[in-house]
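Visitor: quick one, structure for this:
(2 chains)
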Amino acid sequence: MAGELSGILEHVDRISKLDLEDVPPTSHVVELENVLRPDEPHRSLDRDVALAQAPDPVDGAFRVPSPQAEA
Amino acid sequence: MAGMLDLTVVQAHEAMAARDLSADEYAEAWTQAAAGDELNAYLWRPEDGTDGAIAVESPSIAPVAVKDIFCTEGAPTTAGSRILEGYRPPYTATAVRKLIEAGAPILGKLNMDEFAMGSSNENSAYGPVLNPWDRSRVPGGSSGGSAAVVAGGLAPWAIGTDTGGSIRQPAALCGIVGLKPTYGAISRYGMIAFASSLDQCGPLTRDVSDAALMLAILQGADPCDSTSVGLPEAPRLPDREDLKGVRFAVPTELARDAIEPGVRDVFEATLATIERLGGEVAEAPLPHAEHGISAYYVIAPAEASSNLARYDGVRYGMRAAKTGGDVIEMYEATRAEGFGPEVKRRIMLGTYALSSGYYEAYYGQAQKVRTKIAGDFAAAFEDFDFVVTPTSPSVAFELGAKTGDPLAMYLNDFFTVPMSLAGIPAISIPAGLAEPAGGGPRLPVGFQIAAPAFGEQKLLDAAYALEQAVGFDAKPGGADG
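Guide: Reported below is the predicted structural model:
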């Protein structure tokens, strides 16, 4: 995969040679305004629904291996 | 009603309104047709099992096939990836919900390139979709299943997503209509994210009128997607018959050498048809479009590398069976097993492009190129109504022809990526048939028309007029039309 990635980067590298010093970057094409909603409580997914797709749910939570490897 | 599957959706709805066709009978006939899928296009159909959350009891419009990137409550949603095998979302995407509310039964979920990353459908974890025109060839991608079912008579219409050409290119390679609307026209809620600033849902249909009808159902602002704004007016069915006074720009820099001779001929012939309809064709400079691929293959992987971090084997999707060790090893084993090679390639590219020391040279520079490309289009639209190109530089290529060369695969998107970066709408309509560069039976060629942001109605009207004049009526497996 290293060779493939180098080939792609070589192609992509063409843009680094363009003089775009004073050009503003575009991160998004739509004029966006911050969207706010009333701060009111509302129902979201029930816990059992949220856990239903988890590979290893236990006691109403997601179980993962210990963050620290066992000795 | 005999021959009901030959009707376009608009025609079928007219027959339903005239009580010549029952919506139930029509939906049942399509269910039977979908069951005959030999193209590996459907990943799931309702008879495979569902909890009924997305069922439509009494259909009122044509059934629809849905790219497997849209979440469907209680029905499997894989995005073409092993990492989501067996995942049944707890909610339904807004686009799908709107179709269901309009009375469209869901015919099934459609195969696609994994996480919409690909131009041939060969990156699906569930095997490639076959092109109905020639089963040894690709249908295009990433919405390859969506294009193949419509072209192959396995669905009356379908929805897909387009990030850099993933609706338009497969539509072109399968000889149907594909529309990428303006960014923000349709909600992305429940559409599994690839590159959020580019992803857009849209229709794949038999003709331009069906695309207009589908767009009218799908468009609209959605509180669940703060980047959705909808269209200024709901689209109506197109009816324009001529192109008098309409100005079409061909990019001055159009890389004619990179286009297959057969595709070039069809493109030139279509330009002549535009002029015959009273339209004007001239060249306009789009000097930065040639850098579209470079900018796109920095921006899209960068966004993907962030979006795909959510697949960690904790909350949903698969977890590698043998992980041992700590949580980091579990993440690594899950991603190593769950993601295919193209997804890994793009995550690495994106992570690299965003890394400290390379950020400005790659991501920062790509964002500036994006500004220049959008500026090129804005300048062209001061003098022209539309910009036109071939949709794809070639007709459908053979399975395996480009899988060993990712860059060659990326260059398929050469003509479709600039519009995505600029966020503007573009449609691909079938314009004729052409012999592949290596010889063989003739295959469909797509003609791309791009319009200013939110110019969908004018775009559909012009595409309709051209479609009527071109009169493309060839069908897969049939004689050349």
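Visitor: so where's chain A uncertain?
Guide: For chain A, the stretches with pLDDT under 70 are A:69-71.
Visitor: strands along that one, start to end?
Guide: Per DSSP state E, chain A carries strands over the ranges A:57-58, A:61-62.
Visitor: where do the helices sit along the chain?
Guide: No chain in the question, so chain A it is. Along chain A, counting by DSSP state H, helices occupy A:2-12, A:47-51.
Visitor: I was after chain B.
Guide: Using DSSP H, helices in chain B cover B:9-17, B:23-35, B:94-101, B:144-151, B:168-174, B:208-218, B:261-276, B:292-307, B:327-338, B:341-354, B:365-383, B:406-410, B:417-422, B:456-470.
Visitor: can I get the ones you listed in CSV with distance to chain A?
Guide: Using the backbone N, CA and C atoms, a C-beta is placed for each residue, glycine as well. Converted to CSV, these look like this (distance: least, C-beta to the nearest C-beta, whole Å):
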stretch, distance to chain A
helix B:9-17, 29
helix B:23-35, 26
helix B:94-101, 15
helix B:144-151, 22
helix B:168-174, 17
helix B:208-218, 17
helix B:261-276, 22
helix B:292-307, 5
helix B:327-338, 5
helix B:341-354, 6
helix B:365-383, 3
helix B:406-410, 5
helix B:417-422, 7
helix B:456-470, 15
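Visitor: quick one, which of those helices gets closest to B:Pro444.
Guide: helix B:168-174 (6.6 Å; C-beta to C-beta).
Visitor: weakest of the helices of chain B by average pLDDT?
Guide: Looking at the helices of chain B, the lowest mean pLDDT belongs to helix B:406-410 (a mean of 88).
Visitor: against which helices or strands is that helix packed?
Guide: helix A:2-12 (3 or more C-beta pairs under 8 Å, 6 or more residues apart in numbering or on different chains; DSSP states H and E).
Visitor: center of the chain - which residue?
Guide: The chain I'm using is chain A. A:Ser27 (15.2 Å; C-alpha atoms, centre = their mean).
Visitor: not quite, go with chain B.
Guide: Nearest to the geometric centre of chain B sits B:Ile167, at 1.4 Å (C-alpha atoms, centre = their mean).
Visitor: correct me if wrong: it contacts B:Ser143.
Guide: Yes: B:Ile167 is within contact range of B:Ser143, at 5.3 Å (criterion: C-beta atoms under 8 Å).
Visitor: anything in contact with each of these two?
Guide: Counting by C-beta atoms under 8 Å, 6 or more residues apart in numbering or on different chains, the common neighbours of B:Ile167 and B:Ser143 are B:160-161, B:178, B:204.
Visitor: possible to save the residues you listed as CSV with pLDDT and neighbour count?
Guide: Formatted as CSV, the shared contacts of B:Ile167 and B:Ser143 follow (pLDDT from 0 to 100; neighbours: other C-beta atoms under 10 Å in any protein chain shown):
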residue, pLDDT, neighbour count
B:Gly160, 98, 33
B:Thr161, 98, 26
B:Gly178, 98, 36
B:Leu204, 98, 34
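Visitor: turn those residues into CSV, including distance to chain A.
Guide: Listed next are those as CSV, based on distance: C-beta to the nearest C-beta, whole Å:
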residue, distance to chain A
B:Gly160, 20
B:Thr161, 16
B:Gly178, 20
B:Leu204, 23
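Visitor: pLDDT at the residue nearest to the centre of chain B, what is it?
Guide: pLDDT, read off for B:Ile167, is 98.
Visitor: and for it, nearest residue in space, chain neighbours not counted?
Guide: Leaving out its chain neighbours, the residue that sits closest to B:Ile167 by C-beta to C-beta, 6 or more residues apart in numbering or on different chains is B:Gly178, at 4.2 Å.
Visitor: okay, and the beta partners of that neighbour?
Guide: Legend: beta-bridge partners of B:Gly178 under DSSP bridges are B:Leu204, B:Ser428.
Visitor: thought B:Ala158 was touching it, still the case?
Guide: No: using C-beta under 8 Å, B:Gly178 makes no contact with B:Ala158, being 9.6 Å away.
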